[in-house]
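>>> Dropping the sequence and predicted coords here.
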Amino acid sequence: MASTEKTARPRVAVAKFASCDGCQLTLLNLEEQLIEIVSRYDIVEFPEATSRHQPGPYDVVFVEGSISAPEHLEQIKALRKQARLLVTIGACATSGGIQALRNWADHDAFRAAVYEHPEWIESLATATPVSEHVKVDAELRGCPIDAGQLLEVLTAVLVGRRPQIREEAVCRECKRKGIVCIVVARGEACMGPITAAGCGALCPSYGRGCYGCFGARTGVNAKAWSEAMQATGRPPEEVWRLFAGFTAYSEPFRPIITELGKSKR
Amino acid sequence: MISDSIPRPASAARQLFLARSDFDALIGALRASGRTVIGPTIRDGAIVYDEIESAAMLPSGMGDEQSAGRYRLTDRGDSRLFGYTVGPTSWKRFTFPPQLNIAEARRAGGVAFDQPPVEVPQLAFLGVRACEIAALAVQDRVFLGGQFTDEDFRARRKAALVVAVQCTTYSSTCFCSSMGTGPAVRGGYDILLTEIEDGFVVQVGSPSGAAIVTQLPTRKPTHAETGAAIDSVEAVRAGLGEPLPMAGVDERLKQQLENPRWGVVADRCVECGNCTMACPTCFCTASVERSDMEGRLSVTERIWDSCFDVNFARVAGGDFRARPRDRYRQWLTHKFSSWMDQFGSFGCVGCGRCIAWCPVAIDVREELEAIAPVVPPMERPIAVEPAAASPGAFSLARLASVKEETVDTTTLTLMDLDPAFLAARPGQFVMVALPGFPTVPISISRIGTTSIELSIRAVGATSTALTSLHPGSRLGLRGPLGTFWPIEDAYGRHAVVVAGGVGLAPLRGLVEALIASRDKFESVTLYYGARTPEDRLFRDDLARWTTIKAIDLAVTVDRAGVDWKGRVGVVTALFDMMTQDCSRVTAYVVGPERMMQASVQSLIAKGVPPDRICVSMERHMECGIGLCGHCQTGPFFVCKDGPVFRLSELGDLYVREGV
Amino acid sequence: MDENASVISMLDHTWFGSELAPETQEKLASLGSIMSFRPEEVILHEGEESIEFGILLSGRLALRTLVPERGPVTILSVEPGDVFGWSAILPEATAHSTVVATEPSKALVIDGTTLRAALKSDHGLAAGLYPRVLQAVARRLRATRLQLLDLFT
């Protein structure tokens, strides 16, 4: 299906920092659409998928992973200069990921406990989201990201519109699907009310509370949720555990974790 | 069935009885007529509305227990099929789907827009409650009652047969009787069922309903059975108790748009939108474009949206509702106030879903009570009819003694009075007449056993003449008039009296009454501000009060000479010293109006509830009995409805200019 | 250090001091000293150039100004918890009114020059102190506006 447009296909690169690769794989898992994607986009740099390797500039760069090592600081800045659009994908790139839990801990002590020669391990004391270092044009949250949302971003870039990523709670997806709320009907823990939607309420659809892997909705009143959970009898340690997960370093979550962390020993 | 059917009066000839064991016949008949039956069934710990193929799928013997943020199924221990109230789904799921493709756009050669044909399934809604029938009627008004209509909704409404069920139980979250939508079903159905011990009393509501019911193995109900049906609905009404005072809440909310409580509830709200999703009448939607990668074929999907969405009111230039409190206020005021202006009814039907399914347990009934309560009017004088209560009539009194309080204020002690004056209460006033002078209102500053005292500041002709009278003179009085300080408002609380200048006069009696029954209050405090030390009123009383334990006193003056060792500064600065929990303070404030406003604002900012702040207003009065018209402020006659008001009664009238 | 601890505790009980961060309270306590004043003792003279910043801990002070036809007039009293001499923070510091104790009083007093130098070099102290001083001045400004209206005429 040859394109009738005269413009060249957008050049796409996929870059990886500290991450598990799961988000990159989401692109490859779009099996039905992969052929069309590859025909409409020129994927020039994607170590996970191809040995093709071309330097920038790129039209779209998908960045996975948190900034966790000293060399990342330079690499991300250099990458930003090469990218017309920089899209972060996944919890690590958008909020620091689960490795950001070390931001509250004694990094040196961890290093010494794990490695026989900690002095050989070059690592930053914090794992931070990409947006703390460079300007980000669009964000896909999730651990891993949702294939539908990724497709929406790819489509939006081609069509020339803003990606329609809704900033709503997981609860809205649950209610639209007719999933019975496990908080209200079973008194179970769930981070849905303060977590961004996009996964289609995946975990609640299996009767399990939301892990919060898409991170805090922008500007959400996370404190109110922490207080509401404690008001129903959950001990601070348990609430801490719910917040200190894949997206612990989401801005609205941070002060909650710091505060609750004081009560756990 | 569209709800323009006329509710049919219950008539024994139209009622039938269907045994519970024959219920499958109803489901069978509905299905045989080509309809998919949607009814209550258990899924994941709740009773939801979904496809039902037989009576076995109904939640037989199940009940529910609901409260704010909590829903649990219970075992009733019987075999009733409808022994519960409403669950998380509402019928709007089927009349107004959560996701619906509404347009297709093509871009190939030119641009074309198509609307997908309206194709709706034939459904039967089994188990529709009174509040839900009301909700369907609300949706009818929203989608079909105006200039622009939603034809998809119309088709779905028309294609759904309504089998209503009378509620024979209720939850703590139900408040249909408060919204006037239940508990009894009064129309809007094709078939109505009332569940009793062994089965159902059946009523037909339309030809479509009749067509189904004639196929069922029914018989005529016995007297006992129809009686039991009526009784069970009545029991629900009785169990729901006194309805909440919702009448007029739409108007009251309009006066409370700046109420600080919006901030308080917004601090608890996480804006998850569960309330708007669960609500059977919320209708806001968003359009999402789903296109192919070329943008040649695009489908517009309409999905349920929520006004709590952070981008709901955003435009390129900014956000019209940027704060959570703005969005919460929008939802509640739309549902209970502006909906009335838009559609002629409340948006809320009292089903209670927003209360049960709110994960932080916000209860809209509590919020409405806090933000827009019905404020009882000030008490009218009960024990005493005023003397000389008609224009031109006056009751004589003798001036027994005169005391100069300050350079311009004098206290007159009056005796030989009509007993009515001795039964006056602190806060009331009298109209005072002196031959040749205009009649003026004066506060009573003390009520004794044989005398009353009036403390008068000489500012005009009459007051100057009064303060120059000699003992033995006679003058004319009308009264006691007006409302009095509600001392009970401070029972068990911290009583705080704030007086500015001559404002201490109408408050002195209150202070004495507070001291006299001191054990009824947590604490008693007087804050008094005067212009200079020489302008302080009642210095003997002030000196006495300083020494007694029953009252805490703080006095301040605007300026002073070097002999004054006390406080110099505004009276509001005295509040800064308040250590009481302000939510448990009852305040009584009198002074020049600008001082009262500043004091009241400061008290409210510190957390004193507006219905626990009383003020006394001064206005031009010529008769004191509501006939000369001069003292009107907003809807009030200050002489009759005041002069003492609770701040919550006045609303923003208090700070409006030129009223 | 014990002395400092009791000063900090007194400071913490005042309106002004209770909202200051512990580090700021410590710094103020170490910069200043507790002084006691007798009734009618003058703490600051109107027009005086070298002035001190003070937080009143107990007692009462009167702010007085001389009105030629009327003699000295007290325009404001300073209650426990309030500050006086806040203009010591500003570079051209002069006292705007005379500050006199009207009853036995105790205050935490900091020399103006010392305080200005400390605020310049210690940004943490500046960040902790300036907002609170601004609040105190704003509060007084609002009160003064009401006083200006001379409502009790």
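Noted; the coordinates are in hand.
>>> and the residue of chain B most remote from its centre, how far is that from B:Arg296?
The C-alpha centroid of chain B is most remote from B:Gly109, which lies 58.6 Å away (C-alpha atoms, centre = their mean). Separation of B:Gly109 from B:Arg296 (C-beta to C-beta, to the nearest Å): 10 Å. From N, CA and C alone the C-beta is placed, and that goes for glycine too.
>>> How about B:Leu18?
B:Leu18 is 56 Å from B:Arg296, by C-beta to C-beta.
>>> One more: A:Glu227?
For A:Glu227, the distance to B:Arg296 equals 50 Å [C-beta to C-beta].
>>> Okay, buried residues for the one helix or strand B:Val589 maps to please.
In the assignment (DSSP states H and E), B:Val589 maps to strand B:585-590. The neighbour-count check on strand B:585-590 (16 or more other C-beta atoms under 10 Å in any protein chain shown) flags B:585-590 as buried.
>>> Could you report the pLDDT at the residue farthest from the centre of chain B?
With respect to pLDDT, B:Gly109 has a value of 79.
>>> Can you tell me the closest non-neighbouring residue to B:Arg539?
Spatial nearest neighbour of B:Arg539, excluding adjacent residues (C-beta to C-beta, 6 or more residues apart in numbering or on different chains): B:Glu405 at 7.6 Å.
>>> should've said A:Gly148
Spatial nearest neighbour of A:Gly148, chain neighbours left out: A:Gly200 (7.6 Å); criterion: C-beta to C-beta, 6+ apart.
>>> which residues sit in contact with that neighbour?
A:146, A:148, A:173, A:177 (C-beta atoms under 8 Å, 6 or more residues apart in numbering or on different chains).
>>> hang on, it in a helix?
No - per DSSP: H, G, I helix; E, B strand; the rest coil, A:Gly200 lies outside any helix segment and is coil.
>>> how close does it get to chain C?
From A:Gly200 across to chain C, the span is 46 Å (C-beta to the nearest C-beta, to the nearest Å).
>>> neighbours around B:Arg584, how many?
16 (other C-beta atoms under 10 Å in any protein chain shown).
>>> Next, B:Thr89: phi, psi?
phi -90, psi 150 (degrees, to the nearest 10).
>>> who's in contact with it?
B:Thr89 touches A:178, B:48-50, counting by C-beta under 8 Å, 6+ apart.
>>> Give me the subset of those lying in strands.
Taking DSSP state E, the ones among the contacts of B:Thr89 that sit in strands are B:48-50.
>>> ok, and which of those reach chain A?
Filtering the ones in strands among the contacts of B:Thr89 for proximity to chain A by C-beta under 8 Å from any C-beta of the partner chain leaves B:48, B:50.
>>> quick one: which of the ones in strands among the contacts of B:Thr89 is most hemmed in?
Result: B:Tyr49 is most packed of those (other C-beta under 10 Å), 24 neighbours.
>>> how deep is B:Val288 tucked in, by neighbour count?
The number of residues near B:Val288, taken as other C-beta under 10 Å, comes to 15.
>>> before we move on, back to that, would a markdown table of the contacts of B:Thr89 with distance to chain C and pLDDT be doable?
Shown next, in a markdown table, are the contacts of B:Thr89 (distance: C-beta to the nearest C-beta, whole Å; pLDDT from 0 to 100):
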| residue | distance to chain C | pLDDT |
| --- | --- | --- |
| A:Gly178 | 50 | 96 |
| B:Val48 | 52 | 97 |
| B:Tyr49 | 54 | 97 |
| B:Asp50 | 57 | 97 |
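>>> right, and the pair among these with maximum separation?
A:Gly178 and B:Tyr49 (8.7 Å; C-beta to C-beta).
>>> Overlap in contacts, those two.
By C-beta under 8 Å, 6+ apart, the residues touching both A:Gly178 and B:Tyr49 are B:89, B:93.
>>> Among the buried residues of strand B:585-590, which one lies nearest to chain A?
B:Val585 (25.8 Å; C-beta to the nearest C-beta).
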